[in-house]
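*Asks:* Just a sequence and a predicted model for now, questions to come.
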Amino acid sequence: MTAQNGYLLIADISGYTQFLTSSELDHANPILQSLLQAVAEQVGEPLHFWKLEGDAVLAYSTRAELVSGDLLLTFCENLYNAFAARRQDIVANTTCPCRACANAGGLDLKVIVHYGAFEEMQVGPVRDLSGADVILVHRMTKTAAAAETGVRSYALFSDAAVQAMQLQAAMEPYSQPFEHFGEVSMQVYDLARAWDRFRAGQERDFLEEADGVWTCRRRFEAAPQLVWEAVTAPEFKLRWMDQVSTMEMDNPDGRLGTGSVYHCGHQLAEFVYRVTDWQPFKYFSTRIKDPGREGIELPETYELTPAAGGTGLRYTIGRARDRAGNRSEVSEQEAVGFLSEFWPVSFDAMDAELANPS
């Protein structure tokens with residue numbers, strides 16, 4: 001057995017027991033299977049699938065595999081968004097009057113995350129995790145957090161997880177005693193609110209290659225989630241961006257996302273770019289300021305596509321325009337001249353970093 005420290009995650013369907021005991025099994029089981037499948041499909045590197053436990057999907061990851069806590073919180077949001085979208089489809093696309101189909105909308109999802117020590121063990125053909133922290137994360141699925149905080153659809157993080165993640169997202173403190181563990185301090189994050197933001201969305205700002213002035217493509221062996229982290233997390237970008245010595249962020253909501261502003265200190269100039277569209281693990285777009293011409297910006301889109309065990313990355317930069325909408329071809333030419341040298345070198349370094357993370 002190998003002991004290690006890392007994150008333990010349980011995505012648990014709420015209302016499961018009542019749903020099964022009050023519904024027709026021939027319809028209830030396919031509904032639950034569909035919801036669990038939607039959740040399980042979201043598990044990918046740096047999270048590792050652990051197992052299914054009836055009404056829950058279990059996963060884990062070691063600390064070294066996560067660059068920032070924001071990535072893990074995004075995973076939690078994606079787990080809930082996938083569940084809620086599948087539940088919405090089930091409710092909207094059935095005319096069956098049975099109790100199972102009628103009650104599907106009452107099912108919900110909570111996500112439990114703890115950071116601690118565990119060991120991987122092999123018992124015959126079964127691989128499992130063991131340790132006191134494995135017991136604790138299971139205990140955390142049985143709390144009064146929903147009743148006491150009023151948040152029904154939540155991610156519940158132990159304080160140990162929040163500290164390891166170094167996360168500044170808005171959460172509500174909560175604590176509860178557990179036998180053999182004493183009082184455990186936790187933080188509650190509202191996933192339903194994140195789902196509402198997901199549905200409301202932002203005005204799409206996506207640059208197609210045909211609409212750009214220059215495109216660079218690169219394939220990486222890493223999973224999309226890891227490539228996403230590499231091109232978005234400031235502490236990761238500093239490791240591979242060519243001739244960049246400083247990277248500062250302005251995050252109005254306390255997290256990376258639409259509205260975040262990067263301040264990138266390059267040897268030639270300071271580059272400032274603002275996120276205008278943010279679709280985790282799929283694409284994000286920015287507006288980068290021309291460092292030499294006041295008021296001129298260029299749109300950019302970074303698109304990630306799963307590709308034969310790895311990830312394809314498309315970077316496209318668009319037409320430069322001033323505040324009045326006038327085009328600046330000089331800005332475009334200078335940008336393309338710089339980026340055509342910058343991205344190949346930087347992506348080589350990023351590829352090496354992904355293959356051998358420090």
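*Replies:* That came in fine, so what should we check first?

*Asks:* Please compute how far stretch 162-173 lies from its chain's middle.
*Replies:* Distance of stretch 162-173 from the chain centroid (C-alpha atoms, centre = their mean, to the nearest Å) equals 15 Å.

*Asks:* Any buried residues in it, and which?
*Replies:* For stretch 162-173, the neighbour count (16 or more other C-beta atoms under 10 Å) marks 162, 164-165, 167, 169, 171 as buried. Where C-beta positions appear, they are placed from N, C-alpha and C, glycine not excepted.

*Asks:* Of these, which belong to strands?
*Replies:* Judged by DSSP state E, strands contain none of the buried residues of stretch 162-173.

*Asks:* Which member of those is positioned nearest E179?
*Replies:* Closest to E179 out of the buried residues of stretch 162-173 is V162 (22.9 Å), distances taken as C-beta to C-beta.

*Asks:* how close does the closest one sit to A144?
*Replies:* From V162 across to A144, the span is 19 Å (C-beta to C-beta, to the nearest Å).

*Asks:* mind listing the strands for the stretch 251-358 of the chain?
*Replies:* Assigned strands in the stretch 251-358 of the chain, in chain order: 261-266, 270-279, 283-289, 297-307, 310-317 (criterion: DSSP state E, counting those that start in this stretch).

*Asks:* which strand is the longest one in this protein?
*Replies:* strand 108-123.

*Asks:* other SSEs contacting that one?
*Replies:* Packing partners of strand 108-123 (3 or more C-beta pairs under 8 Å, 6 or more residues apart in numbering; DSSP states H and E): strand 2-14, helix 69-92, strand 126-130, helix 132-139, strand 154-158, helix 159-165, helix 191-200.

*Asks:* Look up phi and psi at E45.
*Replies:* Backbone torsions of E45, given as degrees, to the nearest 10, read phi -50, psi 140.

*Asks:* Which residues does S61 form beta bridges with?
*Replies:* Note on S61: beta-bridge partners by DSSP bridges are Y7.

*Asks:* From what I see, it and W50 are in contact.
*Replies:* No: if you go by C-beta atoms under 8 Å, S61 and W50 don't touch, sitting 9.9 Å apart.

*Asks:* pLDDT-wise, which helix or strand of the protein ranks last?
*Replies:* Using mean pLDDT, DSSP states H and E, helix 191-200 stands out as the lowest-scoring helix or strand of the chain, at a mean of 77.

*Asks:* can you list contacts of that helix?
*Replies:* Under the criterion C-beta atoms under 8 Å, 6 or more residues apart in numbering, residues 76-77, 80-81, 84, 109-111, 151-155 lie in contact with helix 191-200.

*Asks:* please redo it, this time with the cut-off set to 7 Å
*Replies:* In this structure, residues lying in contact with helix 191-200 by C-beta atoms under 7 Å, 6 or more residues apart in numbering are 76-77, 80-81, 84, 111, 152-155.

*Asks:* ok, so of these, who is nearest G295?
*Replies:* Among the contacts of helix 191-200, E77 lies closest to G295 (C-beta to C-beta), at 35.3 Å.

*Asks:* For the nearest residue to the closest one once chain neighbours are set aside, give its distance to E303.
*Replies:* Once flanking residues are discounted, E77 sits nearest to A194: 4.6 Å by C-beta to C-beta, 6 or more residues apart in numbering. Separation of A194 from E303 (C-beta to C-beta) stands at 23 Å.
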